[in-house]
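Peer 1: sequence first, predicted coordinates after that:
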Amino acid sequence: MAIPTHVKYLIIGAGIHGLSTAYHLAQQLKAQRKGDGRDILIVDKSGIAAGASGIACGVIRNNYFQPAMRELMAHSVSVWETDPEGYSYHPVGYMQISPESMHADVATIARQQKDIGYESTFIEGEKESADYMKSLFHDWQAKGITSVLHEKRGGYANNTKAMYALASKAENEGVRILTGCTVTGFKSESAGGAIKAVETDKGEIGCDMVIIGAGPWAKIIWDMLELPKTISIKGKDGIMHDDIPMWIYWSLQEGTLGVDPELQKTNDGRFPPVIHVDSNAPLYSNYDGSLITDEMWGIYYKPDFHFGGIQGGAAPYAIETDPDEVAVDPYGVDSPDFVVGEDFAHMWVSALAHCQKRFEGQFDYYKNEPSGGIGSFTPDSFPVFDMFRENCYLIADSNHGYKMLGVGKLVAEEICGTQSSLLEPFRFSRYAEGKLHPVSSSPFPWS
Ligand SMILES: Cc1cc2nc3c(=O)[nH]c(=O)nc-3n(C[C@H](O)[C@H](O)[C@H](O)COP(=O)(O)OP(=O)(O)OC[C@H]3O[C@@H](n4cnc5c(N)ncnc54)[C@H](O)[C@@H]3O)c2cc1C
């Protein structure tokens, strides 16, 4: 495709957010007779689903401790439900299985899911939790579990299939997708003013508005926009905390046990909900019996034909390297620095066996191939959806985002003039104003 000299809307990134925004913006423009998909250009330095959206586990859930996250996720689930087949979405449900230290938090989530009409069952008590889990899986054996939240909606989607479907939907609306085109800078008439053009390695593209869905590259684009490297945050204590780095990186740990996905069916022969277990029971190696940890740990897993086995992950770890020095490229499985190693495999497969007897002695089936990837996280690990430099809409999901198919729809509505109350709690100004989201007792940074 020839590179255009000017477009109305230039979107950076052909991942879930860039594609979803393009598709929904095209529909909005047409509905409001303000234009159509031909006004929109997506540029991506690699290709469709080349970033985090193409390697994500694809889990779609509502279970969040923060009311604003829950409401946003409920909206996104309803967008996934509009075309399950097209989006390769498997609405098998999701289970949060927790120890006593998380009981009160999860009880709050269950109550608030009722309030927003999001269907779930909440089981409390050690015996009751074990009985409920055994009614689904006869071999359930995890210890120290005192609550189970079973969300009936949500599940997972096949990562790249959903992205290609979204790209087709956008292209059918007239959106152009230019791959192999890297954004290298921005042009404006005054320092810090509106963006007039985007500089790329293929030439300059003038634009009226820029929308950024750059996932793990969010910090790199942020720096190109000359936005602050550190920010001030008003804490819950009312005190201003200065010089907090705007971005840090975390490494996501995921892998696949290469057994037949049919191994993980429920007692009645169905494919099960996505399982997420947090536990503070000591975790022993299923390989040599050694103690892996006696601290809080967490895993998630699902049978997945796309990955060819039981696929899932464990809690990520924060990358200590100065964010300016972290190599985001080559990304994902091609990274020499950030793919999971033997420690992950040992812990995750042992944790599977801790939960269900059918996974005992299966260690040799772990797929010893690169997996996982990094994500760029904001200071509070929650998304920032906001306009910068007057005409630059940043969608930075702080790595929550594969499930957030609906965010692009809400962003498209905002661009067309309807502010969204669901996006409001995620403005950048929350840091200075101290309007922070509550923090849960989960071991994961995004719960
Ligand atoms: C291993 C892993 C597992 C995950 N699992 C889940 C999960 O189960 N559920 C969930 O909800 N979320 C999950 N996530 C998080 C989720 O994948 C991300 O939050 C989401 O995909 C980000 O989408 P995006 O569109 O912002 O970015 P991406 O999908 O990363 O897309 C960004 C695109 O921007 C392009 N780009 C970057 N810089 C430039 C530039 N300068 N010029 C042009 N193009 C550029 C890239 O090539 C890329 O294609 C996971 C993440 C990882 C890493």
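Peer 2: Looks like it arrived, so ask away.

Peer 1: so which residues on the stretch 201-350 of the chain come close to the ligand?
Peer 2: Within the stretch 201-350 of the chain, the positions adjacent to the ligand are 213, 214, 215, 216, 217, 252, 254 by Cβ under 6 Å from any ligand atom. Quick note: C-beta positions are derived from backbone N, CA and C, even for glycine.

Peer 1: can I assume the third one is in contact with residue 375?
Peer 2: Yes - applying Cβ atoms under 8 Å, one finds residue 215 in contact with residue 375, separated by 7.4 Å.

Peer 1: give me the common contacts of those two.
Peer 2: residue 52 (Cβ atoms under 8 Å, 6 or more residues apart in numbering).

Peer 1: so for these two, which residue has more residues nearby?
Peer 2: Between residue 215 and residue 375, residue 215 has the larger neighbour count (other Cβ atoms under 10 Å), namely 30 against 27.

Peer 1: quick one, what contacts the more buried one?
Peer 2: Contacts of residue 215 (Cβ under 8 Å, 6+ apart): 13, 15, 17, 51, 52, 53, 375, 376, 397, 401.

Peer 1: now swap in residue 431 and tell me
Peer 2: 231, 232, 233, 234, 244, 379, 380.

Peer 1: circling back: export the residues of the stretch 201-350 of the chain next to the ligand as JSON lines, with columns for distance to residue 149 and pLDDT.
Peer 2: Output for these, formatted as JSON lines (distance: Cβ to Cβ, whole Å; pLDDT from 0 to 100):
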{"residue": "213", "distance to residue 149": "30", "pLDDT": "98"}
{"residue": "214", "distance to residue 149": "33", "pLDDT": "98"}
{"residue": "215", "distance to residue 149": "28", "pLDDT": "98"}
{"residue": "216", "distance to residue 149": "29", "pLDDT": "98"}
{"residue": "217", "distance to residue 149": "34", "pLDDT": "98"}
{"residue": "252", "distance to residue 149": "23", "pLDDT": "92"}
{"residue": "254", "distance to residue 149": "22", "pLDDT": "93"}
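
Peer 1: how near is the nearest residue to residue 6 once chain neighbours are set aside to the ligand?
Peer 2: Distances taken as Cβ to Cβ, 6 or more residues apart in numbering place residue 206 nearest to residue 6, at 3.8 Å, with adjacent residues excluded. To the ligand, residue 206 is 17 Å away according to Cβ to the nearest ligand atom, to the nearest Å.

Peer 1: for the remainder of this discussion, apply numbering that starts at 22.
Peer 2: With the count now opening at 22, the last piece we talked about shows up as residue 227.

Peer 1: next, residue 227: phi, psi?
Peer 2: Main-chain dihedrals, residue 227, degrees, to the nearest 10: phi -70, psi 150.

Peer 1: got any ranges where the protein has weak pLDDT?
Peer 2: 467 (pLDDT under 70).

Peer 1: so which residues of it form helices?
Peer 2: All helices of the chain, identified by DSSP state H, fall at 37-52, 88-101, 121-136, 147-157, 180-193, 239-245, 363-376, 428-436, 451-454.

Peer 1: what's the distance between the residue of the stretch 222-371 of the chain found nearest the ligand and residue 392?
Peer 2: The stretch 222-371 of the chain approaches the ligand most closely through residue 236 (2.2 Å), counting by Cβ to the nearest ligand atom. Computed as Cβ to Cβ, to the nearest Å, the residue 236 to residue 392 distance reads 17 Å.

Peer 1: count of neighbours near residue 282?
Peer 2: 20.

Peer 1: identify each buried residue in stretch 347-357, please.
Peer 2: Using 16 or more other Cβ atoms under 10 Å as the test for burial, stretch 347-357 gives 347, 349, 352, 353, 356.

Peer 1: neighbours around whichever residue of the stretch 72-221 of the chain sits closest to the ligand, how many?
Peer 2: When scored by Cβ to the nearest ligand atom, the stretch 72-221 of the chain has residue 72 as its residue closest to the ligand, at 2.2 Å. Using other Cβ under 10 Å, residue 72 has 29 neighbouring residues.

Peer 1: quick one: contacts for residue 463?
Peer 2: Contacts of residue 463 (Cβ under 8 Å, 6+ apart): 86, 123, 126, 299, 319.

Peer 1: one more: residue 98?
Peer 2: Applying Cβ under 8 Å, 6+ apart, we find residue 98 in contact with 81, 83, 139, 174, 175, 424, 427.

Peer 1: the fifth one contacts residue 111, doesn't it?
Peer 2: No - under the contact definition of Cβ under 8 Å, residue 175 does not touch residue 111, with a separation of 9.7 Å.

Peer 1: out of these two, which sits in the busier spot?
Peer 2: Applying other Cβ under 10 Å to residue 175 and residue 111 shows that residue 175 carries more neighbours, namely 27 against 22.

Peer 1: look up how far residue 113 lies from the more buried one.
Peer 2: Where residue 113 is concerned, residue 175 sits at a distance of 8 Å (Cβ to Cβ).

Peer 1: list residues touching both of these two?
Peer 2: Joint contacts of residue 175 and residue 113 (Cβ under 8 Å, 6+ apart) are residue 295.

Peer 1: re the thing from before, okay if I get the contacts of residue 452 as TSV plus neighbour count and distance to residue 315?
Peer 2: Putting the contacts of residue 452 into TSV (neighbours: other Cβ atoms under 10 Å; distance: Cβ to Cβ, whole Å) gives the following:
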residue	neighbour count	distance to residue 315
252	17	37
253	12	38
254	19	33
255	16	37
265	13	32
400	18	30
401	17	29
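
Peer 1: for residue 306, state which of the residues you listed is nearest.
Peer 2: Proximity of those to residue 306 (Cβ to Cβ) peaks at residue 401, which lies at 34.9 Å.

Peer 1: now the closest one: closest residue in space, sequence neighbours ignored.
Peer 2: residue 457 (5.8 Å).

Peer 1: before we move on, what about residue 275?
Peer 2: The nearest residue in space to residue 275 (Cβ to Cβ, 6+ apart) is residue 334, at 3.6 Å.

Peer 1: so that neighbour sits against residue 323, correct?
Peer 2: No - with contact defined as Cβ under 8 Å, residue 334 does not reach residue 323; the gap is 10.4 Å.

Peer 1: what touches both of those two?
Peer 2: Contacts common to residue 334 and residue 323, judged by Cβ under 8 Å, 6+ apart, are residue 78.

Peer 1: residue 223 contacts residue 23, correct?
Peer 2: No - counting by Cβ under 8 Å, residue 223 sits too far from residue 23 to count as a contact (9.6 Å).

Peer 1: who has more neighbours out of these two?
Peer 2: Between residue 223 and residue 23, counting by other Cβ under 10 Å, residue 223 is the more crowded of the two (14 against 7).
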